[in-house]
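*Asks:* coordinates only, no sequence provided:
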């Protein structure tokens, strides 16, 4: 009952949990209590990190275990005709499980939980809602232990796994400078800040503190890192000499990657992650995204849910091996990507994704009721040097492609986008490309960007997510 009440509780104001100091004190105590388990798994993963056979055996054992648990203890899966009896191949068993959508998880969240769930061993997390379907997800302590442990192994490949300084600018929020130590991140000292805090700090003061903090790692959404870069330039400050830059939470556009990398003088590595499962894949030095195969299994399916061969783009589907509180089996992420056809030259044994296209934004509706994928317009925008884009279908069915241009954006790019938009919409719909600043995007001020917004009267909840500050 307690967990049901927490799932059904009303939304808290965005940013409250993220920045509240009492929350972070509780979080660090929680991580500290789990650290012996985290360190134990870190050592185990370190030993298996470069041994493909050990990794495959770990996957097999964990997949078989979570499937048995789901059928035996989770109402949604118990009601299916799926069984783990009589088969020694857990991947064959997995293929018999139905796909799960975000909508199903939202409407029947309790049915996706373990019958014997113990709230004392779990955390309730909230997604950003930029997919149009905000969710509350329960993650067991064990799932977070394994996520932190794999992150420490990943950090170890790039430098020290422990005692790092991590700077996380979050410039879409008006919050003060705040520091804390994260046991789960290897006792990293983490600093977060917004642009102008309620205590009256000026942007120059934040910049000075950020530079003097001397971070080893700079991390955040691409949008926040670009804003931080702009803030440093505006204040005339040189960038801090970080050893690593990691982006997550949004699609990293090529122009943004280039701008951030050039400014800070080191390559940018991107992570593919979602609140429901944590980090799913991380980019290596060759640009491929390596799946965190110790914890997860990824598939790619077509629109009808049929598995696609490696190399073909489709929707990414994830199975989480470690979250027994709310097992996600063949969960449709809404994101588009493909699996690599060959092993990566970096030598990691983990399965690689050769691209992550980002979320399929939705559909544009014509007056006659037919639709076309907004993804087609998004692809055209991503091919151009833009810092940010947004597709907006207005109440009169017209479509605007809002563009915040990068420094190399030229009139020829605008003309190309205009032609692409006209070709995609056809003669019966009006479309235009608009060059705008950041404040002109719908949903300005949110932690994550929204790629597509429909202002049609009966549009789904995506527009609500975009317009909620």
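*Replies:* Perfect, thanks for sending it. Just so it is clear, the structure is predicted and the values come from calculations on it, not from any experiment.
*Asks:* name the helices or strands packed onto the lengthiest helix in the chain?
*Replies:* Looking across the chain with DSSP state H, the single longest helix is helix 21-48. On a contact count with 3 or more Cβ pairs under 8 Å, 6 or more residues apart in numbering; DSSP states H and E, helix 21-48 meets helix 52-73, helix 141-158, strand 178-182. Yep, even glycine has a C-beta here, placed from its N, CA and C like the rest.
*Asks:* what does the first one contact?
*Replies:* Outside of helix 52-73, the residues within contact range by Cβ atoms under 8 Å, 6 or more residues apart in numbering are 47-48, 77-78, 80, 82-84, 90-91, 93-94, 97, 114-116, 293-295, 297, 319-322, 324, 327, 329, 349-350.
*Asks:* which parts of the very next helix or strand once past that helix are buried?
*Replies:* The helix or strand immediately downstream of helix 52-73 is helix 75-78, counting by DSSP states H and E. Using 16 or more other Cβ atoms under 10 Å as the test for burial, helix 75-78 gives 76, 77.
*Asks:* which other residues reach helix 75-78?
*Replies:* 70, 71, 72, 97, 100, 108, 110, 111, 112, 115, 327, 329.
*Asks:* highest average neighbour count across the helices and strands packed on helix 21-48?
*Replies:* Most buried of the helices and strands packed on helix 21-48, by mean neighbour count (mean count of other Cβ atoms under 10 Å): helix 141-158, with a mean of 21.
*Asks:* averaged pLDDT, that one. What do you get?
*Replies:* Predicted confidence along helix 141-158 averages 90 (mean pLDDT).
*Asks:* elements contacting that helix?
*Replies:* helix 21-48, strand 122-126, strand 278-283.
*Asks:* pipe those into a markdown table and attach mean pLDDT per row.
*Replies:* Output for these, formatted as a markdown table (pLDDT from 0 to 100):
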| stretch | mean pLDDT |
| --- | --- |
| helix 21-48 | 80 |
| strand 122-126 | 88 |
| strand 278-283 | 93 |
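*Asks:* how about the secondary structure of residue 404?
*Replies:* strand (DSSP: H, G, I helix; E, B strand; the rest coil).
*Asks:* that one: how many residues sit nearby?
*Replies:* Neighbours of residue 404 under the rule other Cβ atoms under 10 Å: 19.
*Asks:* next, the buried residues of the longest helix of the chain.
*Replies:* So for helix 21-48, counting by 16+ other Cβ under 10 Å, buried means 24, 27-28, 31, 34-35, 37-39, 41-42, 44-45, 48.
*Asks:* from these, which is closest to residue 125?
*Replies:* residue 27 (11.5 Å; Cβ to Cβ).
*Asks:* state the distance from the closest one to residue 190.
*Replies:* 11 Å (Cβ to Cβ, to the nearest Å).
*Asks:* repeat that for residue 53.
*Replies:* 36 Å.
*Asks:* the longest helix of the chain vs helix 52-73, what angle?
*Replies:* 130 degrees (axes from the mean of the first three to the mean of the last three Cα atoms, to 10 degrees).
*Asks:* one step back: any chance of the contacts of helix 75-78 in JSON lines, plus secondary structure, pLDDT and distance to residue 237?
*Replies:* Listed next are the contacts of helix 75-78 as JSON lines, based on DSSP: H, G, I helix; E, B strand; the rest coil; pLDDT from 0 to 100; distance: Cβ to Cβ, whole Å:
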{"residue": "70", "secondary structure": "helix", "pLDDT": "94", "distance to residue 237": "51"}
{"residue": "71", "secondary structure": "helix", "pLDDT": "93", "distance to residue 237": "57"}
{"residue": "72", "secondary structure": "helix", "pLDDT": "92", "distance to residue 237": "57"}
{"residue": "97", "secondary structure": "coil", "pLDDT": "93", "distance to residue 237": "52"}
{"residue": "100", "secondary structure": "strand", "pLDDT": "95", "distance to residue 237": "47"}
{"residue": "108", "secondary structure": "coil", "pLDDT": "89", "distance to residue 237": "50"}
{"residue": "110", "secondary structure": "helix", "pLDDT": "91", "distance to residue 237": "50"}
{"residue": "111", "secondary structure": "helix", "pLDDT": "94", "distance to residue 237": "52"}
{"residue": "112", "secondary structure": "helix", "pLDDT": "95", "distance to residue 237": "48"}
{"residue": "115", "secondary structure": "coil", "pLDDT": "92", "distance to residue 237": "55"}
{"residue": "327", "secondary structure": "coil", "pLDDT": "96", "distance to residue 237": "47"}
{"residue": "329", "secondary structure": "coil", "pLDDT": "96", "distance to residue 237": "48"}
